[in-house]
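K.L.:
Provide a 3D model corresponding to the input given below.
(2 chains)
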Amino acid sequence: MPERTHTINTGRLSADELAAVLAPQSNAPTGKSLSVRGLRKSYSGTTVVDGVDMDIAAGEFVTFLGSSGSGKTTTLMMLAGFTEPDSGTIAVDGRDITELNPGKRDFGFVFQQYLLFPHMTVEENVAFPLTLRGVPKAEIRRRVGETLEAAGLSKFAGRKPRELSGGQQQRVALCRVLVYRPPIVLMDEPLGALDKKLRDQMQTEIKSIQRELGLTVIYVTHDQEEALVLSDRIAIMKDGRIEQFDTPRGLFEHPRTPFVADFLGAANFLTGKVEESTADGSTPVRLDTGGVLKARAHPCAPGQRVRAAVRPGKLRLVSAEESCCSGTVETAVYVGSLTRITVRLDGAAPGTAPLRIETAAAPPRIGERVCVTADREDVSVFDESDGG
Amino acid sequence: MAGTALAPGKVRVKTTSAMRGHRSRIALVNAVPVTVFLLVLFVYPIIGVLSLSLKGDNGAFTLHWYADALSGANLSVLVSTLRISAETAVLSLLVGFVLAHAIARMRPVFAALAMLIVVVPHFISALVRTYGWIIMLGEHGLINSLATSVHLPGAPYSLLYNETGVVIGTTSVMLPYTVLVLQGVMRGVDGRLLAAAAGFGASRFTIFTRIYLPLVAPGIGTAGLLSFILCLGYYITPALMGGDKQTVVAALIDQQVMKQDQWNSAAAFGVILLLLTFAGLGVLGLAKLRRKKTAARRSSS
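P.N.:
This is a model prediction of the structure:
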């Protein structure tokens, strides 16, 4: 399909153009802030969303990330007004909108299924929100024209949605929202149905438009990479609750629960007992497998049983020193830029998973004796009772 | 090696094409009974009727049966047939739309039950159904006695042996068709589209007129035309529930054949009805073609 290649080529450019077209002429409201308190929803006895609290700043890109059934879409639908919460409040710029109909909230919605009106042309679809707002005809034509032009969709203006490719349809859906400049845009896995290449390109477009226009975007996805690329902050959801709401870096480097540590990237979990803390402020953990791993400061009493989590990329192979853990290399697989190694620690109980390590350094041989350690800032400590 | 590897492929190609030819020949053989059936029982009689309508009393070619049919009292019968059919189509569309809309929104169990209630009367003899209506609509029928007992102005109404009666009767006959067609289309409308429109701030009225109605429009066209066409040749209900002025073409044909032994004129009426039906189907076909053409033009531009 030649049109498709064409739009791929112009795609990146058009995102900036689109933002440029929309931004300057605006009495456009930039994003608004959103605050959510105690949002709950259950369906026939099953709690789907169990007390969501969050404050989203104006112009912020926030993603709900979680596996299916974590309550992320239900939360979004409650923000949108399509689903009525059992309890809790939603406020925009301090104004309570919990009781308002979806149409009265003046949000923008982009859905995974695009939901373009099949009987309308691309142009009519994009014009639809404007006609509802009583914008004069000439003004509608101008704004729709400009928006389509910037999105590289001008030549499809007269077509029906079904005559477009998936990427083009999603771009139309985006235009249909951006054309009326809603202060808050909600997106429910909008790129879920697109192939990888198109996804990457659309992510860039969405992000640059959001940044240029200062829109508040609330985005739902189960794709970690997508969440990391797009978001200012990510809310990791599990069983209807927010496990942690933080910047991507914060989530990665300071996971607050074992679930978060394991969900974003992967983590090695090591059980052990806290030892008397040392002068450097770290929390030394005497591992059950033998050896001591220094973790970052964590409020816990000496003798307490804990779990330490370290990412595969943060574990280092060192020559024997005091606080390292010795073991034997089981596998070493070269995967391009780095080597994935598994190490069985000396004291590990049979049946437990070996340590996963990723290293860019020269890999050891299989069966080689190694010693493993990590910087204390890269080691998180959780109470053993924490799930995940 | 290459030769032997290729050979089986070639052979396979041959066998499949041979088999395909064989299969299509079998298909043709299978079609023979149906073709013969249609030729003997459908095409032949139609040609017979056509030639009958073009034959004078002396056996020579003439158009005067048609001239007869399209003039004077006969013309007014034709016009009133068309009018009754149109009224029936509109009324059954209106009632059918409301019913189908309600059914499409019901939970599957109730929807099935409601459909049953709509369709089951259709299985009952048209004669019985019509007499049922006569009992309901008569001067001392159920509806009129109800209306008089609550002192509705103008009650009792004359609901029988006039055009109102005929249209009520034919509408009840056509209703299952319109409901079935409309309900199918309405089921196909994606509810999320309506929710999306609401999300953009559209009122219920706007959603209905600008999203819902256009999406079910093809069904409305089909259902309306279907009941119009079916009504054109409908006979029993107008004959029993209409008065003298509500003679329809089908009744006229009956009269000419059964009472006046006037086959040629009856044949001319039959051909006219057939042409009207074709015209209706043609309108529907044209509308579809136009939709396709505009779509094609759009995608080529």
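K.L.:
for whichever residue of chain B sits closest to chain A, give me phi and psi.
P.N.:
As assessed by C-beta to the nearest C-beta, chain A sits closest to residue B:201 within chain B, at 3.8 Å. The way it works is simple: take the backbone N, C-alpha and C, and place the C-beta from them, glycine included. Backbone torsions of residue B:201, given as degrees, to the nearest 10, read phi 100, psi 10.
K.L.:
got the contact list for it?
P.N.:
A:103, A:104, A:106, A:129, A:132, A:133 (C-beta atoms under 8 Å, 6 or more residues apart in numbering or on different chains).
K.L.:
rerun that using 7 Å as the cut-off
P.N.:
A:103, A:129, A:132, A:133 (C-beta atoms under 7 Å, 6 or more residues apart in numbering or on different chains).
K.L.:
among those residues, which are in reach of chain B?
P.N.:
On the criterion C-beta under 7 Å from any C-beta of the partner chain, A:103, A:129, A:132, A:133 are the entries of the contacts of residue B:201 that sit beside chain B.
K.L.:
out of the residues you listed, which are buried?
P.N.:
A:103, A:129, A:132 (16 or more other C-beta atoms under 10 Å in any protein chain shown).
K.L.:
and these as JSON lines, adding secondary structure?
P.N.:
Output for these, formatted as JSON lines (DSSP: H, G, I helix; E, B strand; the rest coil):
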{"residue": "A:103", "secondary structure": "helix"}
{"residue": "A:129", "secondary structure": "helix"}
{"residue": "A:132", "secondary structure": "helix"}
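K.L.:
which residue is the nearest non-sequential neighbour of the residue nearest the centre of chain B?
P.N.:
Centroid check for chain B by C-alpha atoms, centre = their mean gives residue B:226 as the closest residue, at 2.2 Å. In this structure, residue B:226 finds its nearest non-sequential neighbour in residue B:177, 5.4 Å apart by C-beta to C-beta, 6 or more residues apart in numbering or on different chains.
K.L.:
which residues are contacting whichever strand or helix holds the one you found?
P.N.:
Per DSSP states H and E, residue B:177 falls inside helix B:163-187. Counting contacts by C-beta under 7 Å, 6+ apart, the residues outside helix B:163-187 that touch it are B:84, B:87-88, B:91-93, B:95-97, B:99-101, B:103-104, B:118-119, B:122, B:126, B:130, B:133, B:137, B:159, B:216, B:218-220, B:222-223, B:226-227, B:230-231, B:234, B:237-238, B:241-242, B:246.
K.L.:
redo that, cut-off 6 Å
P.N.:
B:84, B:87-88, B:91-93, B:96-97, B:99-100, B:103-104, B:118-119, B:122, B:130, B:133, B:137, B:159, B:216, B:219, B:222-223, B:226-227, B:231, B:234, B:237-238, B:241-242, B:246 (C-beta atoms under 6 Å, 6 or more residues apart in numbering or on different chains).
K.L.:
neighbours of the closest residue to residue B:235 other than its chain neighbours, how many?
P.N.:
Leaving out its chain neighbours, the residue that sits closest to residue B:235 by C-beta to C-beta, 6+ apart is residue B:250, at 3.9 Å. By other C-beta atoms under 10 Å in any protein chain shown, the residues close to residue B:250 number 21.
K.L.:
which positions in chain B make contact with chain A?
P.N.:
With C-beta under 6 Å from any C-beta of the partner chain as the criterion, chain B meets chain A at residues B:192-193, B:195-196, B:198-202, B:214-215, B:298-299.
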